[in-house]
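Undergrad: Sequence and predicted structure, then a few things I'm wondering about:
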Number of protein chains: 2
Amino acid sequence: MAAGYLQTGFAATATFELFARHLPGRRNYLVAAGVEQALEFLETARFSSEEIDYLRRLDVFRNVRPAFFDYLAAFRFSGDLWALPEGTIFFPGEPVLRVAAPIAEAQIVETSLLAIIHFQTLIASKAARVSSAAAGRSVVEFGSRRAHGIEAAVYAARAAYIAGCDGTSNTFAGHRFGIPVYGTQAHSWIMAHEDETDAFRDFLAIYLENAILLLDTYDVRTAFGRMLDLGIRPRGVRLDSGDLRADSIWMRQKLDAAGWHDVQIFASGDLDEDRIDELLRSGAQLDAFGVGTALSTSSDVPNLPLVYKLTEMEVDGQVRRAAKLTEAKETYPGRKQVFRFGGGHEEYSGDMIGLAGEQFLGAEPLLLPAMRGGQRLAPFDGSPAESVVDARRRFLDARKHLPERLRALHSTYPSYPVHFSNRLQQLLDDMRQSLVKSTAT
Amino acid sequence: MAAGYLQTGFAATATFELFARHLPGRRNYLVAAGVEQALEFLETARFSSEEIDYLRRLDVFRNVRPAFFDYLAAFRFSGDLWALPEGTIFFPGEPVLRVAAPIAEAQIVETSLLAIIHFQTLIASKAARVSSAAAGRSVVEFGSRRAHGIEAAVYAARAAYIAGCDGTSNTFAGHRFGIPVYGTQAHSWIMAHEDETDAFRDFLAIYLENAILLLDTYDVRTAFGRMLDLGIRPRGVRLDSGDLRADSIWMRQKLDAAGWHDVQIFASGDLDEDRIDELLRSGAQLDAFGVGTALSTSSDVPNLPLVYKLTEMEVDGQVRRAAKLTEAKETYPGRKQVFRFGGGHEEYSGDMIGLAGEQFLGAEPLLLPAMRGGQRLAPFDGSPAESVVDARRRFLDARKHLPERLRALHSTYPSYPVHFSNRLQQLLDDMRQSLVKSTAT
């Protein structure tokens, strides 16, 4: 596509917007995440000479003129970017990113921008549900081993923390983003020792009051008895299988009877937001949750309908709006801004998607300039760790402003009110009209 | 865990096995993939001094002696690895990897090995279904933008190709692994031009007989007419929405009437194996498929129950078997080998999971030595591109030997017969007995 634009001398500045078509599954809202990594990508995107040689040799490019490969060799993203700050709650149709750049550049970065924003937004939107279900108890992201690869594991930890989880077992993410890390005993530790009591004693000797002992390798209640008999107080115990409700109630009672009131009961093992909700409603005595695969793969909804669509072009100083008019995949033309009503001491009351430049009294514009001419702008120029802290604070604050019904785990009606402005509606109608005319002629 | 083993002087060689607990969703078999990347990881795994400093400062490690951090600084994987060659079809309980290493090493590499093998095996196992459904027609992996990040996009392309897809739209994967790459026109190309005919003409001028024109930006049949009127034969046309069956039948007839018999009709747009199967059964005239999100996220089953379990330890020359005996998560002890019956001119007739060293007449042992003392062994020492070609050939051959019923898209009964050898069964029974004794005492 980029080769085509260059070869035909198609010199336009294009605006593309990245947004969700609809809310999938039981999501009532989405949480923007990954903007920091999108900016890193835009700053550093290059083509190596090896990659360019590879492309040059592809049969499909045999009629492409050498200028294209020179263009790739010199490639730097030189465009502008507007973005929702990470941790912002958003809804279908609302751009997370708005890219304005020479059309070939905007096209070249499409797939990577989508892949980056899509994944972290997916996981943050899932994590928001999980942390809501835990109702104030700690949630630790435990899903590295079944995330979709090593990179995905790191960014899943990041996105989960942004959306209200309290830490991760991924120490690489801990190091890179300053996310609190947690580890516990694994089954293999117990299995490696001939005697379960020895396994507990050795672990406690090293990890002291940070130790969390795993009780379900052989028999949960026997293991619990061995731990009590040892008489060394751990930070907590972990149940990874079995009847979490019954075992936790039984253990809480025994722990309290022993005066070990502050020893926490930690649950893990195929947990997700529904299971956590069900456990807590049924009276399980659980203080913290380790959530793995369901969180790191967003297992009920493993992808979001995020798209990156051309909405406007400027050619020779002339602005032209673009839209896709196919039924069911229709998009609105024009450069957009998202306006949110409410906030402060009030709940959010609804959003208006308008044209950039429109104003709505009492509404906050959510898209902020993040990059100009390929350079980051404040507040998008902090450290990787700062971006996470800010995003998490922003999300936790935004969630408080969300109407209560939208925090439910099931789909809620009425959904959050989002409207398109009259001017946007008019632009779309005009485009439809002109298509009818051009099809008729 | 590693710190614990080192600090307590726990000097054991441990064997861990990576296997699937069960077949999830409608999978009748799984396809091993990612071994090449697992080997790369084991060869290159290191801790940087920055990472070590970070770990040293963690409160949880405050009682860990400095020797542990020296150990990390000098860390190299020095163990042995046995693996199923990539592209091998396998079943629950059968190790994809068997790692034998000092226990701290084997523990340190656990999460990464799982993350690497899990993801590519997940996608290869999905791609096998998609390529089966296409029944000999081409399938191109199109899912980069919604894979779980940029790295996942590349490995999804690799895994999909191994399991019978014919190429990818990911040029980075094309370059790195020699996978055929395909591109087509995007909606934005059409939208960027004021006139759809111009958009087609410009594209054809560059891409000649490689051009695939996208017809559904505004109105599919109008676009098709414009293309025919242009009179320049493309390689194919692509339908990305609408009634793919009706439109493809209508177009095939018009294309043939125009003498354009070799112009292919390419379908995309939220396709998966079920939709492809349904389209072909209903008589859709489709020659090739672009499959995106459903493939790159394995959307119906976005994770597999792969685990990494301690099965044996050698301490001071003494061999001790390990197993987890919790109900529903039980594992078999001992170092295993997988023996497959059939093959050659016959279908596979069943597998036996036995102890390494056992022999079964007429059965092929599937696990091969891949690494000794941290060094790769042939045939696991080829180039990244060779690994892909070999793996794809192996998979396509293996699929031919799979009993027909297992290639169905739905779960099939009887499932493929997999048995544990008498010796393994005996080992497990012995362990259960000794647990009963130790719990009773």
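TA: Structure's in. What do you need?
Undergrad: all contacts plus neighbour counts: C-alpha atoms, from now on.
TA: Noted.
Undergrad: can you pull out the strands in the stretch 101-250 of chain A?
TA: Under the criterion DSSP state E, counting those that start in this stretch, the stretch 101-250 of chain A contains strands at A:138-141, A:167-168, A:212-214, A:236-239.
Undergrad: Reformat those as a markdown table; add distance to chain B and mean pLDDT.
TA: Formatted as a markdown table, the strands of the stretch 101-250 of chain A follow (distance: least, C-alpha to the nearest C-alpha, whole Å; pLDDT from 0 to 100):
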| stretch | distance to chain B | mean pLDDT |
| --- | --- | --- |
| strand A:138-141 | 14 | 98 |
| strand A:167-168 | 13 | 97 |
| strand A:212-214 | 11 | 95 |
| strand A:236-239 | 12 | 96 |
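Undergrad: quick one, which of these is nearest to A:Trp260?
TA: A:Trp260 lies closest, by C-alpha to C-alpha, to one member of the strands of the stretch 101-250 of chain A: strand A:236-239, at 9.8 Å.
Undergrad: got JSON lines for the strands of the stretch 101-250 of chain A, with mean neighbour count too?
TA: Shown next, in JSON lines, are the strands of the stretch 101-250 of chain A (neighbours: other C-alpha atoms under 10 Å in any protein chain shown):
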{"stretch": "strand A:138-141", "mean neighbour count": "25"}
{"stretch": "strand A:167-168", "mean neighbour count": "27"}
{"stretch": "strand A:212-214", "mean neighbour count": "25"}
{"stretch": "strand A:236-239", "mean neighbour count": "23"}
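Undergrad: could those strands go into JSON lines alongside distance to A:Gln337?
TA: Below are the strands of the stretch 101-250 of chain A laid out as JSON lines (distance: least, C-alpha to C-alpha, whole Å):
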{"stretch": "strand A:138-141", "distance to A:Gln337": "33"}
{"stretch": "strand A:167-168", "distance to A:Gln337": "33"}
{"stretch": "strand A:212-214", "distance to A:Gln337": "48"}
{"stretch": "strand A:236-239", "distance to A:Gln337": "47"}
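Undergrad: So which of these is nearest B:Ala152?
TA: Using C-alpha to C-alpha, the strands of the stretch 101-250 of chain A put strand A:138-141 closest to B:Ala152, at 19.4 Å.
Undergrad: tell me which strands and helices that closest one is in contact with?
TA: helix A:110-133, helix A:150-162, strand A:167-168, strand A:288-291 (3 or more C-alpha pairs under 8 Å, 6 or more residues apart in numbering or on different chains; DSSP states H and E).
Undergrad: Going by secondary structure, A:Pro95 is in what exactly?
TA: A:Pro95 belongs to no helix or strand when assigned by DSSP states H and E.
Undergrad: three-state assignment of the residue nearest to it when sequence neighbours are not counted?
TA: Leaving aside its sequence neighbours, A:Pro95 sits nearest to A:Phe19 (C-alpha to C-alpha, 6 or more residues apart in numbering or on different chains; 4.5 Å). Judged by DSSP: H, G, I helix; E, B strand; the rest coil, the three-state class of A:Phe19 is strand.
Undergrad: For beta bridges, what are the partners of A:Phe19?
TA: A:Val307 (DSSP bridges).
Undergrad: Measure how buried it is and give me the count.
TA: By other C-alpha atoms under 10 Å in any protein chain shown, the residues close to A:Phe19 number 24.
Undergrad: Also A:Tyr308?
TA: Residues near A:Tyr308, counting by other C-alpha under 10 Å: 23.
Undergrad: go on, A:Gly317?
TA: 9.
Undergrad: what's the answer for A:Arg340, then?
TA: Based on other C-alpha under 10 Å, the number of other residues close to A:Arg340 is 20.
Undergrad: Is it in a helix, a strand, or coil?
TA: Strictly by three-state DSSP, A:Arg340 counts as strand.
Undergrad: so it makes contact with A:Glu347?
TA: No - using C-alpha atoms under 8 Å, A:Arg340 is not in contact with A:Glu347; the gap is 10.6 Å.
Undergrad: for the worst-scoring helix or strand of chain A on mean pLDDT, packing partners?
TA: Least confident helix or strand, chain A: helix A:422-440 with a mean of 80, by mean pLDDT, DSSP states H and E. Helices and strands touching helix A:422-440, by 3+ C-alpha pairs under 8 Å, 6+ apart, are strand A:348-355.
Undergrad: Follow the chain on from the strand it packs on and name the next helix or strand.
TA: That would be, after strand A:348-355 and using DSSP H and E, strand A:363-365.
Undergrad: Paired strands for the helix or strand following that following strand, with orientation please.
TA: Downstream of strand A:363-365, the first helix or strand assigned by DSSP H and E is strand A:368-372. Sheet pairing of strand A:368-372 (DSSP bridges) gives strand A:80-83 (antiparallel), strand A:375-376 (antiparallel).
Undergrad: Okay, A:Cys165 and chain B: tell me how far apart.
TA: 19 Å (C-alpha to the nearest C-alpha, to the nearest Å).
Undergrad: List the contacts of that residue.
TA: A:127-128, A:130-131, A:138-141 (C-alpha atoms under 8 Å, 6 or more residues apart in numbering or on different chains).
Undergrad: from the residues you listed, which single one is nearest B:Glu43?
TA: Among these, and counting by C-alpha to C-alpha, the member closest to B:Glu43 is A:Glu141, at 27.7 Å.
Undergrad: Nearest residue to that closest one in space, ignoring adjacent ones along the chain?
TA: A:Thr168 (4.4 Å).
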